[in-house]
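1. Need coordinates for the below:
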Amino acid sequence: MRLSSGYEAKKARVEMLPLIDVVFLLLVFFIYAMVSMVVHHGIKVDLPSAGTASMEQNDYISISIDAENGLFLNKEPVEAEGLAGRVQLLRGQSNKPVFIDGDSKADLGLAIELLDDLKKAGIEEISFSCKKETP
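-> Here you go, the predicted model:
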């Protein structure tokens, strides 16, 4: 005598819950990977810290001042004379913001002169980069 358990008539099926879990984990991984990728246009400097610092991830123009007061425009060494004109040419009609990345050991006077030259050239969207203060 043969007993029937009821499983003989059922066909194999794909369970959706484990599939949804895997897809969700892949989605979380790719979102985290995209958020953590930040494009930095300047050179590596030791930024000062500020408690109200926030991160901008848009396309921008970077002016870096290293510890020896060297100026760099998007990683290219430049002189202070004519820098505002070169920034205007890079910006064109796009109105990209300008970020000044100043090393904490650089002279403040050079940064203020640079800011003044850029303002005289009609560039209004200028910010100083700094790292967020950790309590």
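
2. on contacts alone, who are the packing partners of the biggest helix by length in the chain?
-> Ranked by residue count and defined by DSSP state H, the top helix of the chain is helix 16-36. Of the remaining helices and strands, none touches helix 16-36 by 3 or more CB pairs under 8 Å, 6 or more residues apart in numbering; DSSP states H and E. C-beta coordinates here come from the backbone N, C-alpha and C atoms, glycine included.

3. ok, and for that helix, which residues are buried?
-> By neighbour count with 16 or more other CB atoms under 10 Å, helix 16-36 contains no buried residues.

4. to the chain's geometric centre, what's the distance from that helix?
-> 23 Å (CA atoms, centre = their mean, to the nearest Å).

5. In this structure, what helix or strand scores lowest on average pLDDT?
-> strand 49-50 (a mean of 59; mean pLDDT, DSSP states H and E).

6. Report the rounded mean pLDDT for the helix or strand just after that one.
-> Once the chain leaves strand 49-50, the next helix or strand it forms, by DSSP states H and E, is strand 61-65. Averaged over strand 61-65, pLDDT sits at 84.

7. So which bits of strand 61-65 are buried?
-> Across strand 61-65, burial judged by 16+ other CB under 10 Å covers 61-65.
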